[in-house]
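Colleague: below is the sequence, then the predicted model.
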Amino acid sequence: QVQLVQSGAEVEKPGASVKISCKASGYTFISHYIHWVRQAPGQGPEWMGAINPRGSTTSYAQNFQGRVTMTRDTSTSTVYMELSSLRSEDTAVYYCVRGGPEYPFNFWGQGTLVTVSS
Amino acid sequence: DIQMTQSPSSLSASVGDRVTITCRASQGISSYLAWFQQKPGKAPKSLIYAASTLQSGVPSKFSGSASGTDFTLTISSLQPEDFATYYCLQYNSMPYTFGQGTKLEIK
């Protein structure tokens, strides 16, 4: 069965960076984009960007350009999302989500809570 | 970027009712529209993709339709477990964008 398992909660200080992992299993890793979506407390989901594990090409939302980096390791079927220059507004739950073509957005990681606080 | 305007932002309904939620795209997105249900403390759950295709295991009480740049989620015969927040997502072109959400509450 398809599973996306994320790394655990993080607490970071303003200005620091955080790197979250998302390990995929149950399907051919390079066949599906992995998207990152975050959700701040009481807010709706926000699409951050995506990575194509086949060629490692990425696309980032303008809001995160220059601060986000998505990478992948095909040997372990793992995708990473690093967000730098953290500020309090980055406190949120971060999700990795499998894209299409089959059943797009049907498989989500369990979420990783990132808390930015001095 | 494509803007998704979702309405209403909140909706009060009774068990057994039928409700409709709408998302309007700021430009054409073909049928690249998904609907999600979210309950507190949980990840969004995908209900529909390609505007009208039910995800595996989603009951047929949920249905989606499209007309140009207007997309509709209809939920029939509301049950207590259906009261949640619903979001649309356009995935025609990056950056993908979510609607603002509709909170469905029990009347």
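Modeller: Here it is on my side, so go on. Numbers count the residues shown, from 1 in each chain, chains lettered A, B, ... in the order given.
Colleague: and for the closest residue to residue A:49 other than its chain neighbours, the neighbour number?
Modeller: The spatially closest residue to residue A:49, leaving aside those adjacent along the chain, is residue A:60, at 3.8 Å (CB to CB, 6 or more residues apart in numbering or on different chains). Every C-beta, even on glycine, is put in place using the N, C-alpha and C of the backbone. Using other CB atoms under 10 Å in any protein chain shown, residue A:60 has 20 neighbouring residues.
Colleague: who is the residue nearest the centre of chain A paired with across the strands?
Modeller: Taking CA atoms, centre = their mean, the centroid of chain A lies closest to residue A:36, which sits 3.6 Å from it. Residue A:36 has these beta-bridge partners by DSSP bridges: residue A:49, residue A:96.
Colleague: how about the contacts made by the residue nearest to residue A:49?
Modeller: By CB atoms under 8 Å, 6 or more residues apart in numbering or on different chains, the contact list for residue A:60 reads A:48, A:49, A:68, A:70, B:95.
Colleague: let me see the contact set for the residue nearest to the centre of chain A.
Modeller: Residue A:36 touches A:47, A:48, A:49, A:50, A:68, A:70, A:81, A:94, A:95, A:96, A:97, counting by CB under 8 Å, 6+ apart.
Colleague: return the closest of these with respect to chain B.
Modeller: residue A:47 (4.3 Å; CB to the nearest CB).
Colleague: need the pLDDT of the residue found closest to that closest one once you drop the neighbours it is linked to in the chain.
Modeller: Spatial nearest neighbour of residue A:47, chain neighbours left out: residue B:96 (4.3 Å); criterion: CB to CB, 6+ apart. Residue B:96 is assigned 96 on the pLDDT scale.
Colleague: if I pick residue B:96, what's in contact with it?
Modeller: A:35, A:47, A:50, B:89, B:90.
Colleague: ok, of the contacts of residue A:60, which come out buried?
Modeller: A:48, A:49, A:68, A:70, B:95 (16 or more other CB atoms under 10 Å in any protein chain shown).
Colleague: could you tell me whether the fourth one really is in a strand?
Modeller: This points to residue A:70. Yes - counting by DSSP: H, G, I helix; E, B strand; the rest coil, residue A:70 is part of a strand.
Colleague: and residue A:63, which of the three is it?
Modeller: Under three-state DSSP, residue A:63 comes out as helix.
Colleague: which residues does the residue positioned nearest the centre of chain B bridge with?
Modeller: Centroid-nearest residue in chain B: residue B:35, 3.8 Å away (criterion: CA atoms, centre = their mean). Note on residue B:35: beta-bridge partners by DSSP bridges are residue B:48, residue B:88.
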